[in-house]
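Undergrad: model this:
(2 chains)
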Amino acid sequence: MLLKYIFKRILVMIPTLFVTSVLIFSVINLPEGDYFETMVAEMQAQGEKADMSRVEFLKKEYGFDKPPAERYFWWVTGLLRGDMGYSFEYQLPVRDIVGDRLLLTMVVSFFTIIFTWIVAFPIGIYSATHQYSWGDYGLTFIGLLGLAVPHFLLALIFLYFANVWFGTSIGGLVDPQYLNQPMSWAKFKSVLEHLWIPVIIIGAGGTAGMIRKLRANLLDELQKQYYVTARAKGLPPGKALRKYPLRMALNFFISDIGDILPSIVSGAEIVAIVLSLQTTGPLLIRALQSQDMYLAGSFLMFLSFLTVIGVLISDIALAILDPRIRLQGTATK
Amino acid sequence: MTTPPAPPPSEPLPHRWSTAPFEPYAVEKMSPEQERVYLAPQWKLMWWKFRKHKLAVISGIVILLMYLSVAICEFLAPYHYTTRNTDFIRAPRQELHLFHEGSFVGPFVYPYTQRLNMENLKREYDIDSSKPQKLRFFCRADSYEFWGLVPGNLHLVCPPEGGTLYLLGTDRLGRDMLSRIFYGGRISLTIGLLGVSVSFVLGIIIGGIAGYYGGKVDLIVQRVIEIVQSLPHIPLWLALGAIMPPSWSPLLVYFGITVILGLMDWTGLARAVRSKLLALREEDYVVAAQLMGAKPARIIGLHLVPGFMSHLIAAATITIPKTILGETALSFLGLGLRPPITSWGVMLNEAQNINVVVLYPWLLYPCIPVIVIILAFNFLGDGLRDAADPYR
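TA: Okay, the predicted model is just below:
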């Protein structure tokens, strides 16, 4: 039963990914011109003479003289073989460029998620069990503030005060003196000193959303009869909460995996730009701006793939954990 | 009454209904109190519940005031948003005073003079607190075209004769921040509404089709929603923003950005519509309408959607702040709206680095209305959602 369900879900992934790849390819190719035209225009603007024969050669080499459908075909078959293409701007294979930054991005995102959970979980439970109390209003308000303040503003303000109060160097994830140095205890400490800023800022928005969801889910469960029965039988509130409604309300944590996986990799683009972090977000935005199409396209495709995988994992986990879903044989959507 | 002949089995029945008068009061009698509650239309029930949610009511008033103020921003702003004063570049804010040397004079400001610090080439401003300059009210100053149509020059408050009135300071071209915030609000706030209307229409149509037909159509729509949601938002905005040719007029860019923001946000609404419809389409009254020969579009539009319109409006209210933040983020990156169009995001674009926070913190003021409007919309949306929920 479960195996059949998993198999069916994997089969559905294939057309989804296919449509996604077509969408991404066409969106990236929609703007007028291509990377080489931008490059020639930039060189001419700087008064340099563009070597047209070289540009022609490069265009031919990368198949820009061919119709889009053919280019799409080569791109997708390359992806299937694990070849993410070549970045024109960095003159390196996409995999090498992304690979460098991926580790750092994942470290930042990992801590962000942990931070979000640690903060959101107790607050969400408190808000739901003390509905309409001052504590509920206050905490919900703080959470909403994290949602409402634009991230770049938070980033700027945190940078400033971190520098004034703690003397943390501005921008980046490590003190300038440790740049290009091998990993050491001092460097590690410096990274930790810088890490909390992006973690709090990126986590702020997610925390607010999670508090709201947890509060709403828990409130729904607390009204149900099984909880009332448990309380009526004399189960103390804490135990009754832990044993039943909390577990039900946790389902959404699992269904969130689908959203979390790609965000681990992409990081928060705008915050990363303001804080000048060497993560993948700014890289992607720069690639989109300069129409570095293989870098942008392959990376976007990678993110979508992770989302689909994430949704699959959360669906399977839900099916294992929640008998209602398993028996119906359909996903919770 | 004669029944018309039944059509052949494959064709739908003609749509017909009885016009004979029907008086429900003749059947059941109710006391006046019962009548008040039981016969109240849905919006009235919602209003009673909504009224209890104090924070939401206050938020609603704040939102109304903000929209009202951007509707008449030409009148409220002391300057025109393009008026430049090169003598006061990046001037700090002038404080509003009421008392001069212990005596009441009415609202006035102290003039300041600019001085260039030759050591660090920083413009410094000295306040001359001996000469209070009284503000003028309902006065003639910078001329404008109200809504781009009617020329006028009446302002609620104007700078004093021969003086300046920069309550929130000036930007790098010597333009008044307060006036620009008023004008910028017009763009930022309407972009939220327009963007949500785009996603609202898309959400109702697509979600409606999926929910009403179910089966294969539903499966395909579900996958499409999944795909759109799996694409990361900001990069997609960027890519779509890059499609717009640079030769477009600012107004076209504005509409383009609105559509782009709306195109990304319809999925949540479509899902809400779909799940509601899936539950409602089995109801007796839908079957009755079907048996009477009503077409799907009529059933969805006339019988089903009004039933959960309140939910949809609550859901839309929560997506408006997302759109406003999206515009701010896009313009902050320099990819959304472009000057001369002024929005809060465009204004914040100038406050991109740490130097601004240290040297010219007043350039960050456009953040305050952004935060206020987003909080207000969130509270209002919460209140509306609670009010629309019949089980609470």
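
Undergrad: and the residue in the stretch 1-150 of chain B positioned nearest to chain A, what does it touch?
TA: Closest approach between the stretch 1-150 of chain B and chain A, counting by Cβ to the nearest Cβ: residue B:55, at 7.8 Å. C-beta here means a position set from N, CA and C on the backbone, and glycine is covered the same way. Neighbour list for residue B:55: A:137, B:379, B:383 [criterion: Cβ atoms under 8 Å, 6 or more residues apart in numbering or on different chains].

Undergrad: need the strands for chain A, in chain order.
TA: A:86-87, A:92-93 (DSSP state E).

Undergrad: So for the residue in the stretch 201-333 of chain A that chain B sits nearest to, what's the nearest residue that isn't a sequence neighbour?
TA: Taking Cβ to the nearest Cβ, chain B has its nearest neighbour within the stretch 201-333 of chain A at residue A:307, 3.7 Å off. Nearest residue to residue A:307, sequence neighbours excluded (Cβ to Cβ, 6 or more residues apart in numbering or on different chains): residue B:230, at 3.7 Å.

Undergrad: residues touching the residue lying closest to residue A:78 once chain neighbours are set aside, list them.
TA: Once flanking residues are discounted, residue A:78 sits nearest to residue A:85: 6.1 Å by Cβ to Cβ, 6+ apart. Counting by Cβ under 8 Å, 6+ apart, residue A:85 makes contact with A:75, A:78, A:93, A:94, A:294, A:295, A:297, A:298.

Undergrad: tell me the helices in the stretch 151-300 of chain B, going along the chain?
TA: B:177-213, B:215-230, B:233-243, B:250-280, B:284-291, B:296-298 (DSSP state H, counting those that start in this stretch).

Undergrad: Point out the most buried one among the strands of chain A.
TA: strand A:86-87 (a mean of 22; mean count of other Cβ atoms under 10 Å in any protein chain shown).

Undergrad: Return a PyMOL selection command for the buried portion of the contacts of residue B:55.
TA: The following PyMOL line selects those of those that are buried, judged by 16 or more other Cβ atoms under 10 Å in any protein chain shown:
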select buried, chain B and resi 379+383
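
Undergrad: if we take the contacts of residue B:55, which one ends up nearest to residue B:50?
TA: Nearest to residue B:50, judged by Cβ to Cβ, of these is residue B:383 at 5.6 Å.

Undergrad: Tell me, how many residues neighbour the residue of the stretch 201-333 of chain A closest to chain B?
TA: Applying other Cβ atoms under 10 Å in any protein chain shown, we find 24 residues neighbouring residue A:307.

Undergrad: got it, and the one 10 residues further on?
TA: A count of nearby residues for residue A:317, using other Cβ under 10 Å, gives 15.

Undergrad: just checking, it touches residue A:254?
TA: Yes. Counting by Cβ atoms under 8 Å, residue A:317 does reach residue A:254; the two are 4.9 Å apart.

Undergrad: Please name the nearest non-neighbouring residue to the residue in the stretch 51-200 of chain A that chain B sits nearest to.
TA: Nearest residue of the stretch 51-200 of chain A to chain B: residue A:148, at 3.9 Å (Cβ to the nearest Cβ). Spatial nearest neighbour of residue A:148, excluding adjacent residues (Cβ to Cβ, 6+ apart): residue B:374 at 3.9 Å.

Undergrad: Am I right that the one you found falls within a helix?
TA: Yes. Counting by DSSP: H, G, I helix; E, B strand; the rest coil, residue B:374 is part of a helix.

Undergrad: isn't it right up against residue B:327?
TA: No. In this structure, residue B:374 is not within contact of residue B:327 by Cβ under 8 Å, at 11.7 Å.

Undergrad: more neighbours, these two?
TA: Ranked by neighbour count (other Cβ under 10 Å), residue B:374 and residue B:327 place residue B:327 first, with 29 against 23.

Undergrad: so which strand or helix has that one?
TA: Secondary-structure element containing residue B:327, defined by DSSP states H and E: helix B:309-332.

Undergrad: in that helix, what counts as buried?
TA: B:310-312, B:314-332.

Undergrad: So is it next to chain A?
TA: Yes. Remark: helix B:309-332 sits within contact range of chain A at B:321, B:325, B:328, B:329, B:332, by Cβ under 8 Å from any Cβ of the partner chain.

Undergrad: residues in contact with the last one?
TA: Looking back up the chat, that one is residue B:332. A:150, A:152, A:270, B:345, B:348, B:349, B:352.

Undergrad: Closest one of those residues to residue B:137?
TA: Of the contacts of residue B:332, the one sitting nearest to residue B:137 (Cβ to Cβ) turns out to be residue B:348, at 30.5 Å.

Undergrad: Show the subsequent helix or strand relative to the one helix or strand that closest one maps to.
TA: Assigned by DSSP H and E, residue B:348 falls within helix B:344-348. Downstream of helix B:344-348, the next assigned helix or strand under DSSP H and E is helix B:354-359.

Undergrad: which stretches of the chain have low pLDDT?
TA: Using chain A here. A:1, A:31-34, A:48-50, A:61-65, A:168-183, A:257-259, A:262-267, A:322-333 (pLDDT under 70).

Undergrad: meant chain B, my bad for not saying
TA: In chain B (pLDDT under 70), the answer is B:1-6, B:25-28, B:389-392.

Undergrad: So in it, which strand runs the longest?
TA: Under DSSP E, chain B gives strand B:136-146 as its longest strand.

Undergrad: What strands line up against that one, and which way round?
TA: Using DSSP bridges, strand B:136-146 pairs in its sheet with strand B:150-158 (antiparallel).

Undergrad: Which residue, other than its chain neighbours, is closest to residue 291?
TA: Because you didn't say which chain, this covers chain A. Nearest one to residue A:291, counting by Cβ to Cβ, 6+ apart, is residue A:35 at 4.7 Å.

Undergrad: I was after chain B.
TA: residue B:13 (7.3 Å).

Undergrad: that's a helix at the one you found, yeah?
TA: No. Using three-state DSSP, the assignment for residue B:13 is coil, not a helix.

Undergrad: just to revisit the earlier point, just the CA coordinates of the helix holding residue B:348, formatted as PDB?
TA: This file holds the C-alpha atoms of helix B:344-348, laid out as PDB (Å, rounded to 0.1, in the frame of the first residue of the first chain):
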ATOM      1  CA  TRP B 344       8.500  53.600  -0.900                       C
ATOM      2  CA  GLY B 345      10.700  50.900  -2.400                       C
ATOM      3  CA  VAL B 346      12.300  53.300  -4.800                       C
ATOM      4  CA  MET B 347      12.900  55.700  -1.900                       C
ATOM      5  CA  LEU B 348      14.500  53.000   0.200                       C
END
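
Undergrad: returning to what we had before: surely the residue of the stretch 201-333 of chain A closest to chain B touches residue A:300?
TA: No. Residue A:307 is beyond contact range of residue A:300, at 10.7 Å (criterion: Cβ under 8 Å).

Undergrad: how many other residues sit next to residue B:302?
TA: So residue B:302, with other Cβ under 10 Å, has 11 neighbours.

Undergrad: Contacts only, for the nearest residue to it once chain neighbours are set aside.
TA: In space, and not counting its chain neighbours, residue B:302 is closest to residue B:294: 7.8 Å by Cβ to Cβ, 6+ apart. Taking Cβ under 8 Å, 6+ apart, we find residue B:294 in contact with B:15, B:302, B:303.

Undergrad: Not including adjacent chain positions, what is the nearest residue to the last one?
TA: In other words, residue B:303. residue B:289 (5.5 Å).

Undergrad: Could you tell me the end-to-end distance of stretch B:335-347?
TA: For stretch B:335-347, the first-to-last residue distance is 13 Å (Cα to Cα, to the nearest Å).

Undergrad: In contact with residue 208: list those residues for me.
TA: Since no chain was named, I'll use chain A. Here residue A:208 is in contact with A:143, A:144, A:145, A:146, A:147 (Cβ under 8 Å, 6+ apart).

Undergrad: actually chain B
TA: B:273, B:274, B:277, B:300, B:304, B:305.

Undergrad: just checking, the first one touches residue B:200?
TA: In this case it means residue B:273. No. Using Cβ under 8 Å, residue B:273 makes no contact with residue B:200, being 9.8 Å away.
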